[in-house]
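> Provided below are the primary sequence and the corresponding predicted coordinates.
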Amino acid sequence: MRFTLRPFHLNDVNALVKYANNFNIAKNLTNKFPFPYQDEDGEAFIELALSHRPLQIKAIVINDEVVGSIGVHPLSDIYSRSAEMGYWIAEPFWGKGIVPLAVKEMLKYGFETFDIERIFARTSHVNLASQQVLKKIGFILEAELKGTIFKYDEYFDELIFSFRKHQLNL
């Protein structure tokens, strides 16, 4: 299935809300991604996505409709050579091979755009699909932190995967 990564547009809010308003997505993300996901959440997110120069967040687009988001967020201070990656895609597009390709494209973008050597992603121990995506791309499990995620009155283990610039074949 063909997709593109592009900057968000202000008129993407309806599609963003349509797909983001899904408990099965929100349960695997931080609390900054609310459920229910409403118009004001979508508008605020698009403003955030457009506020960074260079861009850190891109829309995942299929058939001219936003169906997800992916970002690379550089850190600062002693962590300035690292960036965190986050992503989600609408449930109807799960398992279609889109996310691994989007992650690869965003890795390339991140290493070419920012002065970083490492991109990492965090997931919970129960988010097996995200773990599989990261392993498939070549991310290495760096750490497993017991009971560090607290969401919906439950504790989850946090897994941290990383990808180093030298792994990328530019």
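Arrived safely.
> What distance do you get for the residue nearest to Ala26 when sequence neighbours are not counted to Thr4?
Once flanking residues are discounted, Ala26 sits nearest to Phe35: 3.6 Å by CB to CB, 6 or more residues apart in numbering. For glycine as for every other residue, the C-beta is placed from the backbone atoms N, C-alpha and C. The gap separating Phe35 from Thr4 is 27 Å, by CB to CB, to the nearest Å.
> So which of those two has more stuff around it?
Per other CB atoms under 10 Å, whichever of Phe35 and Thr4 has more neighbours is Phe35, with 17 against 12.
> and the more buried one, how far is that from Ile25?
Distance from Phe35 to Ile25, by CB to CB: 8 Å.
> what's downstream of the top helix by length along the chain, the next helix or strand?
Longest helix in the chain, counting residues (DSSP state H): helix 98-113. The helix or strand immediately downstream of helix 98-113 is strand 118-124, counting by DSSP states H and E.
> The helix or strand that comes right after that following strand vs helix 98-113, what angle?
Moving toward the C-terminus from strand 118-124, the next helix or strand (DSSP H and E) is helix 128-137. Calculated by axes from the mean of the first three to the mean of the last three CA atoms, to 10 degrees, helix 128-137 forms an angle of 50 degrees with helix 98-113.
> mean confidence score for helix 128-137?
Regarding helix 128-137, the rounded mean pLDDT is 97.
> partners of whatever helix or strand comes next after it in the sheet?
Per DSSP H and E, the first helix or strand lying C-terminal to helix 128-137 is strand 140-151. Strand 140-151 pairs in its sheet with strand 154-164 (antiparallel), by DSSP bridges.
> Nearest the middle, which residue of the protein would you pick?
Residue closest to the average C-alpha location in the chain (CA atoms, centre = their mean): Tyr87, at 1.7 Å.
> which residues sit in contact with that one?
Counting by CB atoms under 8 Å, 6 or more residues apart in numbering, Tyr87 makes contact with Ile60, Gly68, Ser69, Ile70, Gly71, Val99, Ala102, Val103, Met106, Ala121.
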